[in-house]
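Trainee: quick one, what's the 3D model for this:
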Amino acid sequence: MIEVFKTDVTERHIANMLIERIHAIFRHYRANFDLDDCDKILRVKSSEDEVQHASLISLLQEFGYSAEVLPD
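Mentor: The predicted model follows:
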């Protein structure tokens, strides 16, 4: 399953740090940012089950960033 989030992350080093945290906490997720997109997209793919929206949004909020699920 793949989920796409709109974020307010603008700096590559922050995006890389958040990806490292996501991969450490959610070992079956693969995440990447598209900071060139106007919505500063975070894509998360789960190899096992559904992506935990609330947990990912909370993780970004812990670091002072916002995220929201983009509709299909």
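Trainee: what about the strands in the chain?
Mentor: 2-7, 29-34, 41-46, 67-69 (DSSP state E).
Trainee: for the last one, name the packing helices and strands.
Mentor: Judged by 3 or more CB pairs under 8 Å, 6 or more residues apart in numbering; DSSP states H and E, strand 67-69 is in contact with strand 2-7, helix 53-62. In this view, the C-beta of every residue, glycine as well, is placed from N, C-alpha and C.
Trainee: of all these, which one is nearest residue 41?
Mentor: Of all those, strand 2-7 sits nearest to residue 41, with 5.9 Å by CB to CB.
Trainee: would you indicate which residues of the closest one are buried?
Mentor: Residues 3-5, 7 are the ones in strand 2-7 that count as buried (16 or more other CB atoms under 10 Å).
Trainee: that strand vs strand 29-34, what angle?
Mentor: For strand 2-7 against strand 29-34, the angle by axes from the mean of the first three to the mean of the last three CA atoms, to 10 degrees is 40 degrees.
Trainee: alpha carbons of stretch 33-53, as CSV, please.
Mentor: What follows is stretch 33-53, C-alpha atoms only, in CSV (Å, rounded to 0.1, in the frame of the first residue of the first chain):
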residue,chain,number,x,y,z
PHE,A,33,10.1,13.2,-0.2
ASP,A,34,9.5,15.2,-3.4
LEU,A,35,10.5,18.6,-2.3
ASP,A,36,10.2,20.0,-5.8
ASP,A,37,6.5,19.4,-5.8
CYS,A,38,4.3,22.3,-4.6
ASP,A,39,2.9,20.1,-1.8
LYS,A,40,6.3,18.9,-0.6
ILE,A,41,5.1,15.3,-1.0
LEU,A,42,6.0,12.5,1.4
ARG,A,43,5.4,9.1,-0.2
VAL,A,44,5.3,6.0,2.1
LYS,A,45,5.0,2.5,0.8
SER,A,46,4.3,-0.4,3.2
SER,A,47,5.4,-3.9,2.3
GLU,A,48,3.2,-5.6,4.9
ASP,A,49,0.0,-3.7,5.8
GLU,A,50,-1.7,-0.3,5.7
VAL,A,51,0.3,2.8,6.3
GLN,A,52,-0.4,4.2,9.8
HIS,A,53,-1.5,7.8,9.0
